[in-house]
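A.B. asks: after the sequence you'll find the predicted model.
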Amino acid sequence: MESKGEEARERVVAQKFQATTRTEGAGFRVHRPVGDTQMSTAQTDPFLMLDELGPVTYKKGEFKGAPWHPHRGIDTVMYYKKGQGDHQDSTGNKGTLYEGDCQWMTAGSGIIHDEGRNHPGGEMHGFQMWVNLPKKDKWIDPAYHTIRSAEKPHFKSPDGKVDANVIAGTVGDVKAKIQPTVPIQYVEFLLQPNATYAHEIPEEMTTCIAYVFDGGGTFTSKGVKAGRATTLRFEGAGKLRFSSGEDGLKFLLLAGKPIQEPVVWHGPFVMNTQEEIMEAIRDYQTGKLVRVKAKEMLAKSWK
């Protein structure tokens, strides 16, 4: 049971805004709560970007995905809420992600991949999140993990009104399958109507961001209201308190320990210096970006 001192300690809202929209990949629209101009990379560290695709309905063959493109220096995380898509990359990984699946890819020293192809038509809804890698890990070999929907660790509150899919980090006594190099929590919270919960976040994770993608409710003991596409940035230490309204509340939580290193970002490359960015560009242009290659090329369109 919490003491009065512990109960009083909580994260407080430092910033609130609506996510912007923009065009990505082969022309699809996304909401971007993290990675635009409202917050600096220092405020979102170690997170670089969060995009929400949809929910939107496509005809068969209409959604083109994100054709072959490179990455270096980051982790990319794709989470399918609805729909499905094929993927393949320069290390030889390939397969299909289905509803509820999550793809965690470490680009490390360099990878080229193709994602979101062959959507069969119907509703598409998903999230892509980028996490920065510290300098010591930007040159590690690429790695890839698939977390199938049925394998995602799941938390349910004692009263049964709050569910959480734990993609990274811990909720209660439920620990994610993925524990990345940089300590983070990446959690999907799903609250039934008129539910309340206080989530524990380690004090080292001073970066704390919530993005509401459905329903609405309030955050902190001050009752800060948030609805569809609202982004909240929190400061302070202690628990994150939230409650749902009459329509329930669904949101993503991004909490993490800042890396506190220089961030130089150019498109799909995130490094520590401008010289490293120029090196990545030259490597891609000259076919040297991919240092760990598949035995056979999966496609002729990547260098």
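C.D. replies: Perfect, thanks for sending it. Numbering: from 1, shown residues only.

A.B. asks: helices of the stretch 51-200 of the chain, residue ranges please.
C.D. replies: Per DSSP state H, counting those that start in this stretch, the stretch 51-200 of the chain carries no helices over any range.

A.B. asks: neighbours around the nearest residue to residue 151 once chain neighbours are set aside, how many?
C.D. replies: For residue 151, ignoring the flanking residues on the chain, the nearest one in space by Cβ to Cβ, 6 or more residues apart in numbering is residue 177 at 6.7 Å. Bear in mind the C-beta positions are built from the backbone N, C-alpha and C, glycine included. Number of residues near residue 177 (other Cβ atoms under 10 Å) recorded here: 14.

A.B. asks: my guess is residue 177 meets residue 148, correct?
C.D. replies: No. The criterion here is Cβ atoms under 8 Å, and residue 177 misses it with residue 148 at 10.1 Å.

A.B. asks: report how many residues lie close to residue 22.
C.D. replies: As a burial measure, residue 22 scores 12 neighbours (other Cβ under 10 Å).

A.B. asks: element containing the closest residue to residue 43 other than its chain neighbours?
C.D. replies: Leaving aside its sequence neighbours, residue 43 sits nearest to residue 233 (Cβ to Cβ, 6+ apart; 6.4 Å). Residue 233 is part of strand 230-235, with elements assigned from DSSP states H and E.

A.B. asks: pLDDT of that strand, averaged?
C.D. replies: Averaging pLDDT along strand 230-235 gives 98.

A.B. asks: so what does that strand touch, helix or strand wise?
C.D. replies: strand 12-18, strand 207-219 (3 or more Cβ pairs under 8 Å, 6 or more residues apart in numbering; DSSP states H and E).

A.B. asks: mind listing what's buried in the longest strand seen in the chain?
C.D. replies: Across the chain, the longest stretch assigned as strand under DSSP state E is strand 240-256. Burial within strand 240-256, assessed by neighbour count using 16 or more other Cβ atoms under 10 Å, is assigned to 240-245, 248-256.
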